[in-house]
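J.: I need the structure of the sequence given here:
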Amino acid sequence: ATGDGYVIIEFMYLDFLFNENINLRVGNQLMPMGLINEKHEPTLFTTTQRPNTSKKLIPSTWHENGVMAHGDIVDNLSYKVGAFSALQIGRGLEEKNDWLRDSRLGSFRVDEENERLGLAGVARVDYTGINGLFVGASTYVDSNLVMVDAHFDYNLDAFRTYGVYTQTNRSETVVDEPEKAKGGFINVGYDILSLTKIQNKMPIFVQYESVSAQDKITDGTSIDSTDTITVGLNFFPHEQVVLKADFAMSKDNSKAASEDETNTVSFSMGFIF
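T.: From the prediction side, this is the model:
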């Protein structure tokens, strides 16, 4: 075989644990944005596919080289703050609905003449002081872009609801380039096997999502959102194994009425180890 080979890793870092308030992580890390990027194992979200919010807006799986401090501010209030290699926006402008996803640098070096290694700051806070509730916000900032999100995950016995809203704005653009993206989702589910004596879990769920990766373009126009309603169920034969099935009804508001609706049936199996 000829040519250069490479290995892709999702994360590899050293964690220097000093105390509950200040610790230091150095290396290639999952970016602390949103709900799913850091916790993207299939047992942790209900749909067969990650939400489009976590693909096109917060581009999971998103990992970069950097250094990050993390710990507790006070009881039940944690923080993460760090400096990382920045998104390379020029990579993602050919397929404009994927302009954020295609801009990830990951663990690769910058090797194109028109690219430069930028630096980004990331900050996140999460609160867990209410029983069953995880809620927080995070932000990413570099010389060209600001991304923010708010997220929550609430569990009460057999009931669970979780969701994310995110928005991104660019400051350096040329004609006919996306300069704003926004969207989010909310998911509501209930474990129907909790009504029986069966010890396994089988949550049913419904999810609503609206994503506009080109909510604003530099020529003053915009591309309408894609809205998706998904219904489905999960079955856990083991707490670390899940079987999934769902039905997604998607409407692309930027297309003509005869082309705007897509229905998809999906099945999947997932596990963590």
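
J.: Got the phi and psi for the residue nearest the centre of the chain?
T.: Per CA atoms, centre = their mean, the C-alpha nearest to the average position across the chain is that of residue 54, at 3.1 Å. Dihedral pair for residue 54: phi -90, psi 10, per degrees, to the nearest 10.

J.: and it, what is it in contact with?
T.: 34-37, 40, 60, 164 (CB atoms under 8 Å, 6 or more residues apart in numbering). C-betas here are computed from N, CA, C, even on glycine.

J.: Now for those: which two are most distant?
T.: Greatest spatial distance among the contacts of residue 54 (CB to CB): 40 and 164, at 12.7 Å.

J.: So these two - more neighbours on which side?
T.: A direct count of neighbours by other CB atoms under 10 Å for residue 40 and residue 164 places residue 164 higher, at 26 against 17.

J.: tell me which element the closest residue to that one other than its chain neighbours is part of?
T.: Among residues not flanking residue 164 along the chain, residue 151 sits closest, at 4.6 Å (CB to CB, 6 or more residues apart in numbering). Assessed by DSSP states H and E, residue 151 sits inside strand 145-156.

J.: what's the answer for residue 26, then?
T.: strand 23-30.

J.: Which neighbouring elements make contact with that strand?
T.: Judged by 3 or more CB pairs under 8 Å, 6 or more residues apart in numbering; DSSP states H and E, the packing partners of strand 23-30 are strand 12-17, strand 63-74, strand 77-85.

J.: mind listing what the last one pairs with, with the direction of each?
T.: Right, the one you point to is strand 77-85. strand 63-74 (antiparallel), strand 119-127 (antiparallel) (DSSP bridges).

J.: tell me the pLDDT at the residue nearest to the centre of the chain?
T.: Reading off the confidence values, residue 54 has pLDDT 96.

J.: before we move on, what about residue 9?
T.: 72.

J.: Just to be sure, it is in a helix?
T.: No. The assignment for residue 9, made by DSSP: H, G, I helix; E, B strand; the rest coil, is coil rather than a helix.

J.: phi, psi of it?
T.: According to degrees, to the nearest 10, residue 9 has phi -120, psi 150.

J.: Likewise for residue 215?
T.: Dihedral angles for residue 215 - degrees, to the nearest 10 - are phi -70, psi -30.
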